[in-house]
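**Q** Structural data only, the sequence is not supplied:
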């Protein structure tokens, strides 16, 4: 007698191996993504726009985690929020790919190299040879300009499709170049979006729109930490708590990246609270600009030096950790809050039309960044202390041949970005 079939077959059984295979594929993809984040954290020199250029090359062109338009959209969204733009952008990509857990891992890996180096710099300040560091990275800045110029070329190629977009790109680049002020960047993005919003009728109506559901948890968390830190710092007067509140406040209110953050930190920690001296501040500021990764890691250096009166290496490490957490957490909470309802919001024709202008302005800002890195204006110093401005202006002149050569290598697409940065560092060490 032939074997009989089971009376109640388990129809879900064939799906189990597929689900397991899907989970394995997601874990593998997430692991590769985190490796890519670590590679960028160790090689992405030059500030937010150079970071964007390398994200564009690795995460868009090579790995295809997202499209060029999606990367620009996320970057523009993060630029409208206070906090470190490139860090928020990287965290948002991690959130898109794997949710909050991957996003927090992305944030940690992205910040770890620069925060570690700046913490060591704070611990070993008296032995740290900043002159050697300056020589080591002397060829990195022109290479970074090449990265940004190539990014501007590729982004414009992808998103500039109309005469309006061309006009917005040129106008944004000119305004950003001649008016380097903290509020200019978000205003330009909003203005660009407002211009193309008028053309919303050209976009198709999305049927069955998802309702916009705002999850207030991360917004409330950002505000709650802000208020609790302020109250604890006031009533306990504990130095680590006060440091966390100081950095959290600055991270919550600053627009425009590390160049805007620097004068605020100088005024608070050098001129007002005297946690470190002017030369110590300038040494750390010069070092962080020579490092890959986020410039906001400068907070860990200040935190380590501020804890010297408490005494001991452990106290300084605690200060560095408090500084890093305080400066990076506000922007993380805010991007987690916004990105959860952004996909629902962008379904509407008005929002979709505005993205054309936002992307065009973003491309213009990258063009302006390339020009400013190559030929900085005095206004770009943003009223920093005179000593720092002088130190910034006497840096080695950029080599146009290195800029052009880097651009051509990236256009050729045969040489990895890591190899180009490594060659620039090696040349600085040998020459």
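**A** Cool, got the structure. The structure displayed is predicted, hence computed values, not measured ones.
**Q** going forward, measure contacts and count neighbours with C-alpha atoms only.
**A** Will do.
**Q** where along the stretch 201-350 of the chain do the helices fall?
**A** All helices of the stretch 201-350 of the chain, identified by DSSP state H, counting those that start in this stretch, fall at 217-236, 239-253, 258-265, 278-289, 298-306, 313-345, 349-374.
**Q** now the fifth one and helix 239-253, what's the angle there?
**A** In this case it means helix 298-306. Interaxial angle of helix 298-306 relative to helix 239-253 (axes from the mean of the first three to the mean of the last three C-alpha atoms, to 10 degrees): 160 degrees.
**Q** so what does helix 298-306 touch, helix or strand wise?
**A** With contacts defined as 3 or more C-alpha pairs under 8 Å, 6 or more residues apart in numbering; DSSP states H and E, the packing partners of helix 298-306 are helix 85-123, helix 278-289, helix 313-345.
**Q** will you turn those helices into CSV that also has mean pLDDT, mean neighbour count and distance to residue 365?
**A** Listed next are the helices and strands packed on helix 298-306 as CSV, based on pLDDT from 0 to 100; neighbours: other C-alpha atoms under 10 Å; distance: least, C-alpha to C-alpha, whole Å:
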stretch, mean pLDDT, mean neighbour count, distance to residue 365
helix 85-123, 92, 22, 13
helix 278-289, 76, 19, 20
helix 313-345, 90, 21, 21
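**Q** Nearest to residue 165, out of the helices of the stretch 201-350 of the chain?
**A** Nearest of these to residue 165, taken as C-alpha to C-alpha: helix 349-374 at 5.3 Å.
**Q** Could you check how far the residue lying closest to residue 219 once chain neighbours are set aside is from residue 98?
**A** The shortest distance from residue 219 to any non-neighbouring residue, by C-alpha to C-alpha, 6 or more residues apart in numbering, is to residue 337 (5.6 Å). As for residue 337, its distance to residue 98 is 16 Å (criterion: C-alpha to C-alpha, to the nearest Å).
**Q** And for residue 36?
**A** Taken as C-alpha to C-alpha, the span from residue 36 to residue 98 is 15 Å.
**Q** Enumerate every residue touching residue 423.
**A** Applying C-alpha atoms under 8 Å, 6 or more residues apart in numbering to residue 423 gives no contacts.
**Q** Counting neighbours, show which residues of the helix or strand hosting it come out buried.
**A** Under the criterion DSSP states H and E, the helix or strand holding residue 423 is helix 417-430. Using 16 or more other C-alpha atoms under 10 Å as the test for burial, helix 417-430 gives 417, 420, 421, 424, 425, 427, 428, 429.
**Q** Secondary structure element holding residue 37?
**A** Using DSSP H and E, residue 37 falls in helix 15-43.
**Q** mind listing what the residue nearest in space to the middle of the chain touches?
**A** Residue closest to the average C-alpha location in the chain (C-alpha atoms, centre = their mean): residue 86, at 1.1 Å. Listed by C-alpha under 8 Å, 6+ apart, the contact set of residue 86 reads 48, 51, 52, 75, 78, 294.
**Q** ok, so what distance separates it from residue 218?
**A** From residue 86 to residue 218 the distance is 20 Å (C-alpha to C-alpha).
**Q** Residue 64: neighbouring residues, count only.
**A** By other C-alpha atoms under 10 Å, 12 other residues sit near residue 64.
**Q** Now it: which helix or strand?
**A** Following DSSP H and E, there is no helix or strand that holds residue 64.
**Q** From the contacts of residue 86, pick the one nearest residue 361.
**A** Closest approach between the contacts of residue 86 and residue 361, by C-alpha to C-alpha: residue 75, at 11.4 Å.
**Q** In three-state terms, label the closest one for me.
**A** Here residue 75 is helix, with the state taken from DSSP: H, G, I helix; E, B strand; the rest coil.
**Q** Output the contacting helices and strands for the helix or strand just after the helix holding residue 37.
**A** Once helix 15-43 ends, the next helix or strand along the chain (criterion: DSSP H and E) is helix 48-55. Under the contact definition 3+ C-alpha pairs under 8 Å, 6+ apart, helix 48-55 sits against helix 15-43, helix 85-123, helix 140-159.
**Q** possible to save those as JSON lines with distance to residue 204?
**A** Shown next, in JSON lines, are the helices and strands packed on helix 48-55 (distance: least, C-alpha to C-alpha, whole Å):
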{"stretch": "helix 15-43", "distance to residue 204": "33"}
{"stretch": "helix 85-123", "distance to residue 204": "25"}
{"stretch": "helix 140-159", "distance to residue 204": "19"}
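**Q** In contact with the residue lying closest to residue 325 once chain neighbours are set aside, which residues?
**A** Among residues not flanking residue 325 along the chain, residue 244 sits closest, at 7.4 Å (C-alpha to C-alpha, 6+ apart). Contacts for residue 244 (C-alpha under 8 Å, 6+ apart) come out as 229, 322, 323, 325, 326.
**Q** ok, residue 244 to residue 237 distance?
**A** In terms of C-alpha to C-alpha, residue 244 sits 12 Å off from residue 237.
**Q** Then residue 344?
**A** Residue 344 is 44 Å from residue 237, where distance means C-alpha to C-alpha.
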